[in-house]
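A.B. asks: Compute the structure for the input listed below.
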Amino acid sequence: MMDKLGVQVGEATPDAVILCMRAEDFDPTSNVLWENEANKSAIRPNVRCFGCKSAVAMSNHTYARYTSMDKKPRVCCVQCVTTLCGS
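C.D. replies: Numbers count the residues shown, from 1 in each chain. This next block holds a predicted model:
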């Protein structure tokens, strides 16, 4: 699937797509699985899927990178990614 998007996993550039979970599907108790604070996620009400416009959950590390960028990459939830990439 990443080949169809033309980006590398972990790459955050303005032409990349960040794949996230919809906020409504996020379970914050899953954060206990992560020792590193950067890997823990939270609902980001100011970050929306470009497809369905739902708020998303995003890791602390990714959110820090995302908010520091002048030109933001697109954010897509896992439910909308098949529309973006095809089946």
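
A.B. asks: Let me see the ranges of the helices in this structure.
C.D. replies: 2-5, 60-68, 81-85 (DSSP state H).

A.B. asks: Give me the buried positions along the second one.
C.D. replies: Buried residues in helix 60-68, counted by 16 or more other CB atoms under 10 Å: 60, 62-63, 66. (C-beta placed from N, C-alpha, C; glycine too.)

A.B. asks: same thing with stretch 14-23?
C.D. replies: Buried residues in stretch 14-23, defined by neighbour count with 16+ other CB under 10 Å: 16-23.

A.B. asks: Please look at K72 and R65 and confirm they touch.
C.D. replies: No: the criterion here is CB atoms under 8 Å, and K72 misses it with R65 at 10.3 Å.

A.B. asks: quick check: longest strand of the protein.
C.D. replies: strand 41-48 (DSSP state E).

A.B. asks: Pull up the pairing partners for it, direction included.
C.D. replies: strand 55-59 (antiparallel) (DSSP bridges).

A.B. asks: May I see the buried residues of helix 60-68 organised as TSV, with pLDDT and distance to K40 added?
C.D. replies: Formatted as TSV, the buried residues of helix 60-68 follow (pLDDT from 0 to 100; distance: CB to CB, whole Å):
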residue	pLDDT	distance to K40
N60	95	6
T62	93	11
Y63	95	10
Y66	94	15
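
A.B. asks: CSV please, covering those residues and showing distance to A42.
C.D. replies: Output for the buried residues of helix 60-68, formatted as CSV (distance: CB to CB, whole Å):
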residue, distance to A42
N60, 7
T62, 11
Y63, 8
Y66, 13
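
A.B. asks: how close does the most centrally placed residue in the chain sit to E35?
C.D. replies: Centroid check for the chain by CA atoms, centre = their mean gives C20 as the closest residue, at 3.1 Å. According to CB to CB, to the nearest Å, C20 and E35 sit 21 Å apart.

A.B. asks: still on that earlier bit, contacts only, for the residue nearest to the centre of the chain.
C.D. replies: By CB atoms under 8 Å, 6 or more residues apart in numbering, the residues touching C20 are 47, 49, 56-58, 75-78.

A.B. asks: next one: N39
C.D. replies: 59-61.

A.B. asks: go again using 6 Å as the cut-off
C.D. replies: S59 (CB atoms under 6 Å, 6 or more residues apart in numbering).
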